[in-house]
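Trainee: model this:
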Amino acid sequence: MIPTEDIMPIVKNTIAASIKCNTHRGYIGWSSCDNICMDMHDCLDMCAETLEMRAYLVALEATTYILIAGVKLASHADSSSGMLTDVIMCTYELIDQCTKEIKKQDKQMRDQALALMIKVAKRSVFDGWTDWRYDLLKCGICLCDEKSAKKLEKVLDTLLEISREDYYPEYTKKEDLIVRYLLHRHLYGKKNTKKELYQNIAINELRIIAIKDAMEDKNYDEAEKLCLEKANEEETWHYRSSNLEDWNNMLYDIYKTANSTEKQITQAKKLLLMGNEKFWDVLKQIYKKCGAWNENYESLLDELKDSKRTVCYRSVLISENEKKRLLDDVMENPYDLFYYGKYLVKEYPEQVYELCYKKISESCAQAKDRREYKKITKNIAQLIKWKGNDTAKSLIEELMQRYPRKPALLDELEKVEKKL
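Mentor: Down below sits the predicted model:
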């Protein structure tokens with residue numbers, strides 16, 4: 001076990017050595033950035049172990065150091081792989097864990113931790129990274145009492161004043177309002193800060209809190225109203241199916257919690273027709289419970305087809321073993337033919353072979369280099385695997401005759417011809 005007094009020097013030296021080793025001519029490329037991120041993850045693991053040893057302030061100080069290093073890196077390295085963002089998110093999770101433990105300790109430790117976080121948040125490294133700066137301050141809220149809260153509000157005042165010179169000062173103002181509300185809620189409770197919450201209900205993060213509060217109080221009409229105002233405002237292309245806090249997803253959860261079957265069905269259908277295939281099974285379950293699945297099955301498939309959400313529609317057809325419908329749709333639109341063909345070739349070989357013949361011929365007419373020719377012959381090889389040897393043979397012969405002046409294509413066709 002590493003002694004706690006050695007944690008900070010090890011973290012500093014590890015990150016410094018990693019940055020030096022992965023900087024080439026003053027530049028950090030994406031693979032070098034990933035190497036540094038892996039070293040940072042090792043440092044975070046060390047901080048997590050330190051937290052488990054109850055060396056809370058040491059763990060917090062080391063983790064905030066990693067955060068600063070990560071933010072600096074984001075400003076001048078190629079972080080396009082997304083690994084750096086992951087590191088930074090992990091640091092916030094660990095900082096949050098540290099503060100949750102420290103808030104249970106004595107006032108002296110709480111004040112020390114808060115002072116450290118305020119000092120870090122004020123650093124110029126966060127200039128241009130507003131959300132990261134305020135996310136750090138949010139983590140410190142749980143450490144505040146009324147006296148120390150004044151220090152935090154003073155910092156917020158200073159940051160707000162400085163932000164007036166920014167290109168988008170309203171973004172900082174929004175973050176400021178969120179942190180202030182969360183601080184007041186921490187100090188005085190949700191009931192006493194409801195007015196402040198509703199004064200700033202236009203801010204999405206605060207609206208979500210208001211919706212969750214209404215749900216907690218079983219005030220489902222209020223939760224629905226708050227959610228509908230935003231869901232009706234946004235176009236369907238804004239829909240983020242995997243985000244639990246998307247307005248439309250939250251609306252379904254409200255109806256489910258309120259046990260409102262009709263509204264559940266309407267909202268589940270809306271989400272399905274927006275391309276969220278998991279709501280097929282949701283609707284199936286609700287309709288079966290009502291004894292109305294069979295009478296709604298065909299019309300629901302028709303609506304899904306008409307929605308033009310091709311991937312969602314075909315996924316449902318595969319799950320329901322609707323091979324004929326799938327064939328009709330693929331014949332109508334051969335999008336991703338060589339993926340869907342595997343579900344159809346056993347029952348409808350001739351139709352699949354014919355579609356493949358046509359698709360490969362069209363692709364070949366547009367292909368211009370060996371890389372594209374290889375894709376074409378890969379599809380011919382797939383056709384052979386599906387036992388479409390006769391079709392593949394005819395196709396190869398036709399392409400060789402049609403494009404005698406494309407030696408690269410002829411070379412690739414000869415390779416695949418050997419598989420017959």
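
Trainee: Which parts of the stretch 201-350 of the chain are helices?
Mentor: Taking DSSP state H, counting those that start in this stretch to define them, one finds helices in the stretch 201-350 of the chain at 204-216, 220-231, 247-257, 261-273, 278-290, 293-306, 310-319, 323-332, 337-344, 349-366.

Trainee: got the buried residues for the first one?
Mentor: I take that to be helix 204-216. By 16 or more other CB atoms under 10 Å, the buried positions in helix 204-216 come out as Leu206, Arg207, Ile208, Ile209, Ala210, Ile211, Asp213, Ala214, Met215. Glycine gets a C-beta too; all of them are placed from N, C-alpha and C.

Trainee: just the angle between that helix and helix 247-257, please?
Mentor: Counting by axes from the mean of the first three to the mean of the last three CA atoms, to 10 degrees, helix 204-216 lies at 10 degrees to helix 247-257.

Trainee: ok, now the last one?
Mentor: For the pair helix 349-366 and helix 247-257, the angle between their directions (the same axes, to 10 degrees) equals 160 degrees.

Trainee: Summarise which helices and strands helix 349-366 is packed against.
Mentor: On a contact count with 3 or more CB pairs under 8 Å, 6 or more residues apart in numbering; DSSP states H and E, helix 349-366 meets helix 323-332, helix 337-344, helix 370-385, helix 389-402.

Trainee: pull the CA atoms of that helix into PDB?
Mentor: The C-alpha trace of helix 349-366 is given here as PDB (Å, rounded to 0.1, in the frame of the first residue of the first chain):
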ATOM      1  CA  PRO A 349     -33.200 -17.500 -52.000                       C
ATOM      2  CA  GLU A 350     -34.100 -16.600 -55.600                       C
ATOM      3  CA  GLN A 351     -35.400 -13.200 -54.600                       C
ATOM      4  CA  VAL A 352     -32.300 -12.500 -52.500                       C
ATOM      5  CA  TYR A 353     -30.000 -13.600 -55.300                       C
ATOM      6  CA  GLU A 354     -31.800 -11.400 -57.800                       C
ATOM      7  CA  LEU A 355     -31.500  -8.400 -55.400                       C
ATOM      8  CA  CYS A 356     -27.800  -9.000 -54.900                       C
ATOM      9  CA  TYR A 357     -27.200  -9.300 -58.600                       C
ATOM     10  CA  LYS A 358     -28.900  -5.900 -59.200                       C
ATOM     11  CA  LYS A 359     -27.200  -4.200 -56.200                       C
ATOM     12  CA  ILE A 360     -23.700  -5.400 -57.100                       C
ATOM     13  CA  SER A 361     -24.100  -4.400 -60.800                       C
ATOM     14  CA  GLU A 362     -25.200  -0.900 -59.700                       C
ATOM     15  CA  SER A 363     -22.300  -0.600 -57.200                       C
ATOM     16  CA  CYS A 364     -19.800  -1.700 -59.900                       C
ATOM     17  CA  ALA A 365     -21.000   1.000 -62.300                       C
ATOM     18  CA  GLN A 366     -20.100   3.700 -59.700                       C
END
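
Trainee: and among the helices of the stretch 201-350 of the chain, the most buried is which?
Mentor: helix 247-257 (a mean of 21; mean count of other CB atoms under 10 Å).

Trainee: what's that helix in contact with?
Mentor: Around helix 247-257, the neighbours that count as contacts under CB atoms under 8 Å, 6 or more residues apart in numbering are 208, 211, 215, 220, 223-224, 227-228, 230-231, 234, 239, 241, 243-244, 263-264, 267-268, 270-271, 274, 279.

Trainee: so where's the stretch 251-400 of the chain shaky on pLDDT?
Mentor: For the stretch 251-400 of the chain, no stretch has pLDDT under 70.

Trainee: So Val316 is in contact with Trp280, correct?
Mentor: Yes - between Val316 and Trp280 there is a contact at 4.9 Å, judged by CB atoms under 8 Å.

Trainee: Overlap in contacts, those two.
Mentor: By CB under 8 Å, 6+ apart, Val316 and Trp280 have these common neighbours: Leu304.

Trainee: can you pull the contacts of the nearest residue to Lys393 once chain neighbours are set aside?
Mentor: Leaving aside its chain neighbours, Lys393 sits nearest to Leu420 (5.8 Å; criterion: CB to CB, 6 or more residues apart in numbering). Taking CB under 8 Å, 6+ apart, we find Leu420 in contact with Ile384, Asn389, Ala392, Lys393, Ile396.

Trainee: Distance to Met250 and neighbour count added to those residues, as TSV?
Mentor: Shown next, in TSV, are those (distance: CB to CB, whole Å; neighbours: other CB atoms under 10 Å):
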residue	distance to Met250	neighbour count
Ile384	50	17
Asn389	54	14
Ala392	51	26
Lys393	56	14
Ile396	55	20
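
Trainee: Columns distance to Thr85 on top of the residues you listed, output as TSV?
Mentor: What follows is those, written out as TSV (distance: CB to CB, whole Å):
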residue	distance to Thr85
Ile384	44
Asn389	49
Ala392	46
Lys393	51
Ile396	47
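
Trainee: how much space between the residue lying closest to Met215 once chain neighbours are set aside and Lys190?
Mentor: Residue nearest to Met215 in three dimensions, not counting chain neighbours: Ala223, with 5.0 Å by CB to CB, 6+ apart. The spacing between Ala223 and Lys190, counted by CB to CB, to the nearest Å, is 14 Å.

Trainee: Also Glu93?
Mentor: As judged by CB to CB, Glu93 and Lys190 stand 24 Å apart.

Trainee: Fine, thanks again, bye for now.
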